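> sequence first, then the predicted structure:
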Amino acid sequence: MDDGGEAVIKSIREAASAPEGVVIKFLDIDLASVESVRNAAAKLKTEVERLDIMVLNAGVVLLKHGLSESGVLLSSFVTIATRWLT
C-alpha cells in the first residue's frame, strides 16, 4: 500500500471511535511469501509490547494451480500463513 496504510488506519479509527492515544499499526504483508510473514512477525515482536487486536485479511482465488515460493499450494499457503502471525 503506497500510503503506508494511512487510509485503512483512518477508517478503523473512525469506525471504532478510537481515541487519539490508541495506536493502530498497518503491516503490508505478502501472505504468499514465507519471508514476508516471518519478517512481519519479527517486526511485531520488536516493535509492539502489547497486542490487543489483530485483523488479518487474506483471500485467494486462483483460476489455475499455483505454488508459493516455498513450493506449497498457493491457496492453502495463504490461509495457513496467517496462523504464523497469531
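Looks like it arrived, so ask away.

> quick one: furthest residue from the center of this protein?
Within the chain, K64 marks the point farthest from the mean C-alpha position, 24.2 Å out by Cα atoms, centre = their mean.

> what about it, which SS state?
coil (DSSP: H, G, I helix; E, B strand; the rest coil).

> let's see the pLDDT reported for it.
Note on K64: pLDDT of 75.

> now E49
pLDDT at E49 comes out at 86.

> pull the contacting residues for it.
By Cβ atoms under 8 Å, 6 or more residues apart in numbering, no residues touch E49. The C-beta positions use only the backbone N, C-alpha and C, and glycine is treated the same way.

> equivalent analysis for G21, please.
No contacts exist for G21 under Cβ under 8 Å, 6+ apart.

> E69 versus that one, what's the distance?
As judged by Cβ to Cβ, to the nearest Å, G21 and E69 stand 39 Å apart.

> quick one, helices of the protein?
Assigned helices in the chain, in chain order: 6-16, 34-47, 74-81 (criterion: DSSP state H).

> so where's this protein uncertain?
1-2, 4, 57-63, 77-86 (pLDDT under 70).

> apply 90 and report the result again.
Along the chain, the parts satisfying pLDDT under 90 run over 1-41, 44-45, 47-86.

> before we move on, back to that, among the helices of the chain, which comes closest to V55?
Closest to V55 of these, according to Cβ to Cβ: helix 6-16, at 8.0 Å.

> send me the closest one as CSV with only the CA atoms.
What follows is helix 6-16 as a C-alpha-only set of coordinates in CSV (Å, rounded to 0.1, in the frame of the first residue of the first chain):
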residue,chain,number,x,y,z
GLU,A,6,-3.0,5.6,6.4
ALA,A,7,-6.4,5.3,4.7
VAL,A,8,-7.0,1.9,6.4
ILE,A,9,-5.9,3.3,9.8
LYS,A,10,-8.1,6.3,9.4
SER,A,11,-11.1,4.1,8.5
ILE,A,12,-10.6,1.8,11.5
ARG,A,13,-10.1,4.8,13.9
GLU,A,14,-13.3,6.4,12.7
ALA,A,15,-15.4,3.2,12.7
ALA,A,16,-14.2,2.2,16.2
